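[1] the sequence and its predicted three-dimensional model are supplied below.
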Amino acid sequence: MDDSRHQPAPATYPYPMPFHAYIDESIRGKIYFLVAVHIQSADIGWIRTHVASKLKFRGVSVHMHHESESVRKQAVREFCKPPITVDIVQATIERSTLDARARALRSLGDEIAVGKCSLIVLENISSDLIDKRILRDLGKDSHHSFPEYRHMTPSQEPLLQLADIAAWSFGRGGEWRQQLSSHVRKVLKA
């Protein structure tokens, strides 16, 4: 599919249509970043195809922490092509990484709850039970219809690679962060 006709989405929110949020993390020193990549439901099919064809190196999914500079640069270029927006939550690690993640997820969940999000996908990590409790509590407290959520791996859901690219690049800072700027809708502190 020719994806050159798709322009990056303006950083507006909420989407006029339902969207899915793909969430990953990055840790830089004492700062914990939780990043949500928002994709309109109508675009998920072609973006998943784009990611599957453009973001596989050596036959495996991209994981920015383990990639060479050239692979990272290509991954960020491909990240910038689809119409997506990104929300980022920064939390200072005070007591523990899990505490920072919990605060960040609560902030991000509040943001997502007011939009037309129909699905939240988080990368499968050791905090799955804590994540589920936080999201369940947010759903109970929400005045809106709270989205379904699930934990998956990038091999199960290739779109999690976009969240990994955004989290790593934003956390790295400098020109890496600058390349994402047209897609970043909001940066929050937790």
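    All right, it came through fine.
[2] could you look up the SS state of H20?
    Classification of H20 using DSSP: H, G, I helix; E, B strand; the rest coil returns strand.
[3] repeat that for D87.
    Secondary structure state of D87, per three-state DSSP, is strand.
[4] what's the neighbour count on it?
    Residues within reach of D87, counting by other Cβ atoms under 10 Å, total 24. Heads up, the C-betas are built off the backbone N, CA and C, glycines and all.
[5] I'd say it and L108 touch.
    Yes - the pair D87 and L108 passes the contact test of Cβ atoms under 8 Å, sitting 6.5 Å apart.
[6] where do the helices sit along the chain?
    For the chain, helices defined by DSSP state H occupy the ranges 44-54, 69-79, 97-113, 128-141, 160-172, 174-180.
[7] distance to P154, mean pLDDT and mean neighbour count for those - can I get that in TSV?
    Supplementary listing: these in TSV, determined by distance: least, Cβ to Cβ, whole Å; pLDDT from 0 to 100; neighbours: other Cβ atoms under 10 Å:
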stretch	distance to P154	mean pLDDT	mean neighbour count
helix 44-54	10	90	16
helix 69-79	12	91	16
helix 97-113	18	82	21
helix 128-141	15	72	15
helix 160-172	4	94	25
helix 174-180	19	94	14
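[8] nearest to T153, of the ones you listed?
    helix 160-172 (7.4 Å; Cβ to Cβ).
[9] report the distance from stretch 31-44 to the chain centre.
    Averaging C-alpha positions (Cα atoms, centre = their mean, to the nearest Å) puts stretch 31-44 3 Å from its chain's average.
[10] ignore the last one, stretch 170-188
    Averaging C-alpha positions (Cα atoms, centre = their mean) puts stretch 170-188 12 Å from its chain's average.
[11] which residues touch it?
    Contacts to stretch 170-188, defined as Cβ atoms under 8 Å, 6 or more residues apart in numbering, come from residues 8-9, 11-13, 26-28, 31, 33, 35, 38, 72, 76, 79-80, 84-90, 107-108, 111, 166, 168-169.
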